[in-house]
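Participant: Here is the input, now give the coordinates:
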Amino acid sequence: MRYRSTGRLPVLVSLCLAAALAACGEDSVAPPAKLEPSFKLVNVFQPVDLTPDGSIALMQQYNQNGDFYFYHTDTGDLEFKGSVGDASRDEALAISADGAVAGIHGVPTQAGIWTPRGGWTDLPSVFTNGCGDEVASAWDITANGRTVVGMAWNDCGVQAFKWDGTGSGVMTLLERVGEGFPGSTHGPDNRASAVSDDGSLIGGWAGTAQVGRAPAIWHADGSGALLTGLPADYEGEVMAISADGQIAAGYWGENAFYWTQAGGTVNIGRLPPEEGDFGGATANAITADGKLIFGVSGQPFFGKPKAFVWTQAAGMRPLADVITAAGLIIPEGVTLTNVLASSNDGTVVLGQATMADFSIQCFVVRLPVSAYGL
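Facilitator: Have a look, this model is predicted:
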């Protein structure tokens, strides 16, 4: 069953954000130099996202202020940029081509955009009542920085939104999809978690009568639907979308999946479990052409998570195997545990690794797509 929101509720955002986004382009970086295959570890805890060309990796430190950094993947330079606020609840979550950062900022938590010129600007919620100190959160941003998607709290229920930064900026609600959980006093919870670079497709999750999260998509006009093709009583979410909005990917139950308008949902499984391994697979990143999908198989605390890469020809493989087969060296005792982002062409990959002493760092891999068999 599908529900439509009772209306588009606009909220005007100050002109200063539009000006800041316009100025942000002045700080954009040049495309990376000729690709030199490399594997690098970076002593920052949380990998977040990559610019579409792979030239900048957004990373966040797990410290009191939630400091975030730009790592320049061609030079190896790590540049402090700013802080999200209270690191126990705020996060930097996505980066545009020009270095605008979308995330959760401040206390109470707000959906925010940070730009190199303007710092943080919050996107006011469409709702009067949030949920305690929870107001809204921004989860992804388009390549041009003009569209942000996320969720807004309404009396402790959440609805998905799209913010259009053209002009003064307007936030509108996306169509409410799914069903309220039995006993719920409000409609189904929805969150927009990912948006294509061109803004044509949005993905995330919606609550149903069977699960708290089911994979959902929305189109540019705000209309939405639950995905179909795998069991409806399995939890799932759309985590990544190709640049042109033609392919979505995420997790559904114990397996990673991808979806296309023409072919529907395709289960791409998980890596073969090792002894004592539990937890499913999640696709977190997809290239512009959809030929490479990256993510994690296995879950921390429940097993032995490994970063994976998937191709149509070879299926799902540990990313570490591809890296070492290409002649790069992963230091002894280092385990690649997740991939969070890839460049649109797949030549730059950002992920998380566990060191021999069990500390956590980011890793960046630069490889030609031929290394993956393409």
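Participant: Please make it C-alpha for all contacts and neighbour counts, starting now.
Facilitator: Noted.
Participant: Could you break the chain into its assigned domains?
Facilitator: Following the assignment in automatic domain parsing, the chain carries domains at 1-28+97-226, 39-80+242-262+274-374.
Participant: Switch these over to TSV; also include mean pLDDT, mean neighbour count and distance to G236.
Facilitator: Supplementary listing: the domains of the chain in TSV, determined by pLDDT from 0 to 100; neighbours: other Cα atoms under 10 Å; distance: least, Cα to Cα, whole Å:
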stretch	mean pLDDT	mean neighbour count	distance to G236
domain 1-28+97-226	83	21	5
domain 39-80+242-262+274-374	94	20	4
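Participant: TSV for those domains, including distance to R89?
Facilitator: Supplementary listing: those in TSV, determined by distance: least, Cα to Cα, whole Å:
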stretch	distance to R89
domain 1-28+97-226	8
domain 39-80+242-262+274-374	9
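Participant: Quick check: beta-bridge partners of A214?
Facilitator: A206 (DSSP bridges).
Participant: How about W153?
Facilitator: Here W153 shows beta-bridge partners V158, assigned using DSSP bridges.
Participant: For it, give me its contacts.
Facilitator: By Cα atoms under 8 Å, 6 or more residues apart in numbering, W153 lies in contact with F127, N129, G130, C131, E134, V135, A136, Q159.
Participant: Out of those residues, flag the one nearest to G112.
Facilitator: G112 lies nearest to A136 out of those, by Cα to Cα, at 8.6 Å.
Participant: in the stretch 251-374 of the chain, which spans are strands?
Facilitator: For the stretch 251-374 of the chain, strands defined by DSSP state E, counting those that start in this stretch occupy the ranges 255-260, 264-269, 281-286, 293-297, 306-311, 315-318, 335-342, 348-354, 360-366.
Participant: which of the residues in the second one are buried?
Facilitator: Residues of strand 264-269 classed as buried: T265, N267, I268, G269 (neighbour count, 16 or more other Cα atoms under 10 Å).
Participant: Greatest separation within those: which pair is it?
Facilitator: The largest separation in the buried residues of strand 264-269, counting by Cα to Cα, is between T265 and G269 at 12.1 Å.
Participant: which residues do the two both contact?
Facilitator: Here T265 and G269 share the contacting residues F257, scored by Cα under 8 Å, 6+ apart.
Participant: hang on, the earlier thing: of the contacts of W153, which belong to strands?
Facilitator: A136, Q159 (DSSP state E).
Participant: G245 contacts S200, correct?
Facilitator: Yes: contact criterion Cα atoms under 8 Å: G245 and S200 qualify, at 5.7 Å.
Participant: Just the terminal-to-terminal distance for stretch 204-218.
Facilitator: 9 Å (Cα to Cα, to the nearest Å).
Participant: Now do that stretch: distance to the chain's middle.
Facilitator: On the basis of Cα atoms, centre = their mean, to the nearest Å, stretch 204-218 is displaced by 17 Å from the centre of the chain it belongs to.
Participant: what sits up against that stretch?
Facilitator: Everything outside stretch 204-218 that qualifies as a contact, by Cα under 8 Å, 6+ apart, is 174-175, 177-182, 188-194, 201-203, 224-227, 232-239, 252.
Participant: ok, now stretch 350-361?
Facilitator: By Cα under 8 Å, 6+ apart, the list of residues contacting stretch 350-361 from outside reads 41-50, 57, 307, 332-342, 362-365.
Participant: try it again with 6 Å
Facilitator: Counting by Cα atoms under 6 Å, 6 or more residues apart in numbering, the neighbours of stretch 350-361 from elsewhere in the structure are 42-45, 47, 333-341, 362-364.
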